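Q: here is a sequence together with a model predicted from it:
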Amino acid sequence: MRAFSSVGKDLARRDDSSIIAELSRKAGRKLSYLGLPSPWMGDVLAWKPFLARVFAVEQEKRYLSHLMDTAYAYGLVNQVVYFWGDIDEIMKSQVDEYGQSTADVFPIDLINLDYCRGLDYQEFKKLSTLESLITRQRQSLLAGRLSASFPYFLVLLTHNLPYREGDPTAKRKYIRFLIRDVKYYAESLREQVYTSYEWYLSAECPSAYPHKCFVMGKFFACAQRNGFKAVPRKVVQYSGDKDAVMLHYQFQITPVSLRSPVPVDNKLDVIDILNYPVLSCEGEDINPDRPVIRV
Ligand SMILES: C[S@@+](CC[C@H](N)C(=O)[O-])C[C@H]1O[C@@H](n2cnc3c(N)ncnc32)[C@H](O)[C@@H]1O
């Protein structure tokens, strides 16, 4: 039986394929992948034509031999290297549970953080993994550890949306923080932003929307702090394994000022973040009646 599979996930992987193929064309080569493929490797198999190297991270030790069996069965055994442990810990320490270093794998073209669980507003643990990954990318690019073209890299992030939201305080605080400079905007724009803000905090707002603001806001700031520009390509909500509601993000990250990163205050556009749609697999806004800010 293939785990981590659903109609929605297959559609999301297919959609990712087009931006992966685009990067492969622009770079003029096959790409390197770092992520959480699981032993079934649904993502790696779907993107196989565009991949040269696969760095697979897996926290379940019992999955590792199964993962290499899959690699063998699909003719990928010479392309796949695995690391054992929690990716959050490995990216910070740069070694896995076997003591194997990850330092030489960077820079990576495609990072796929395909978590089975949710993101925690309070702890931000999984977003700190993104921060470690972005820092490693920057360090390796600055060290000139690149012999091929590197137009940009892709980060795919997937997490589960809990059926019942926990304490909404952190979420509210973050959206309030995002709109903190709006008081200086012209009145008509300011009012639209406040209307959108009220909607975000209301019961009508699907939980995917505040999550999207949180992830985009945090991620853009982190990319900018490290001298990169992050652009969202798509945010999709789909129904995953066992009907879990999943949120999937595609980001394109371009190096812009690696040597002198802009100190982060809030250079990202809050209106773009609030307005950015969360789509269904069919490509429609999951809440077409939400208030959109017109500039
Ligand atoms: C959702 S599955 C990946 C599915 C795969 N990307 C695909 O498209 O078919 C996540 C895999 O990563 C592992 N995993 C989850 N969180 C992890 C973490 N923090 N560190 C390392 N492995 C993790 C899980 O055990 C599982 O095998």
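A: Perfect, I can see it now.
Q: when you work out contacts or count neighbours from here on, use the C-alpha atoms and nothing else.
A: Fine.
Q: which SSE is residue 56 in?
A: strand 51-58 (DSSP states H and E).
Q: what packs against the following helix or strand past that strand?
A: From strand 51-58 onward toward the C-terminus, using DSSP H and E, the following helix or strand is helix 64-73. Using 3 or more Cα pairs under 8 Å, 6 or more residues apart in numbering; DSSP states H and E, the elements in contact with helix 64-73 are strand 80-84.
Q: would you mark the buried spots in the following helix or strand past the strand it packs on?
A: With elements assigned by DSSP H and E, the helix or strand that comes after strand 80-84 is helix 87-93. Neighbour counts using 16 or more other Cα atoms under 10 Å place 87-91 of helix 87-93 among the buried residues.
Q: next: stretch 283-295.
A: By neighbour count on 16+ other Cα under 10 Å, the buried set for stretch 283-295 is 285-286, 290-293.
Q: the strand holding residue 56 vs strand 80-84, what angle?
A: Between the axis of strand 51-58 and that of strand 80-84 there is an angle of 20 degrees, by axes from the mean of the first three to the mean of the last three Cα atoms, to 10 degrees.
Q: who's in contact with strand 51-58?
A: Contacts to strand 51-58, defined as Cα atoms under 8 Å, 6 or more residues apart in numbering, come from residues 30-38, 44, 64, 79-87, 105.
Q: now swap in stretch 36-48 and tell me
A: With Cα under 8 Å, 6+ apart as the test, stretch 36-48 has contacts from 2-5, 13-14, 17, 20, 51, 54, 56-58, 63-64, 66-68, 70, 112-115.
Q: near the ligand, from these?
A: Near the ligand, taking Cα under 6 Å from any ligand atom as the test, the members of those found are 4, 57-58, 114-115.
Q: please identify which of those residues is nearest to the ligand.
A: When these are ranked by distance to the ligand (Cα to the nearest ligand atom), residue 58 comes first, at 3.8 Å.
Q: what helix or strand is residue 188 on?
A: Following DSSP H and E, the helix or strand that holds residue 188 is helix 187-201.
Q: tell me the buried residues in that helix?
A: Neighbour-count burial for helix 187-201, with 16+ other Cα under 10 Å as criterion, is recorded at 189-190, 192-194, 196-197, 200-201.
Q: now the biggest helix by length in the chain - C-alpha only, PDB.
A: With residue count as the measure and DSSP state H as the assignment, the chain has helix 7-27 as its longest helix. Backbone C-alpha positions of helix 7-27 (Å, rounded to 0.1, in the frame of the first residue of the first chain) are rendered in PDB as follows:
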ATOM      1  CA  VAL A   7      -6.100  12.500  -5.400                       C
ATOM      2  CA  GLY A   8      -5.400  16.000  -4.000                       C
ATOM      3  CA  LYS A   9      -1.800  15.200  -3.300                       C
ATOM      4  CA  ASP A  10      -1.300  13.800  -6.800                       C
ATOM      5  CA  LEU A  11      -2.700  17.000  -8.300                       C
ATOM      6  CA  ALA A  12      -0.400  19.100  -6.100                       C
ATOM      7  CA  ARG A  13       2.600  17.100  -7.100                       C
ATOM      8  CA  ARG A  14       1.600  17.400 -10.800                       C
ATOM      9  CA  ASP A  15       1.300  21.200 -10.300                       C
ATOM     10  CA  ASP A  16       4.700  21.300  -8.700                       C
ATOM     11  CA  SER A  17       6.100  19.400 -11.700                       C
ATOM     12  CA  SER A  18       5.500  22.400 -13.900                       C
ATOM     13  CA  ILE A  19       7.600  24.800 -11.800                       C
ATOM     14  CA  ILE A  20      10.300  22.200 -11.300                       C
ATOM     15  CA  ALA A  21      10.500  21.600 -15.000                       C
ATOM     16  CA  GLU A  22      10.700  25.300 -15.500                       C
ATOM     17  CA  LEU A  23      13.600  25.600 -13.100                       C
ATOM     18  CA  SER A  24      15.300  22.700 -14.700                       C
ATOM     19  CA  ARG A  25      15.000  24.400 -18.200                       C
ATOM     20  CA  LYS A  26      16.300  27.700 -16.900                       C
ATOM     21  CA  ALA A  27      19.200  26.100 -15.100                       C
END
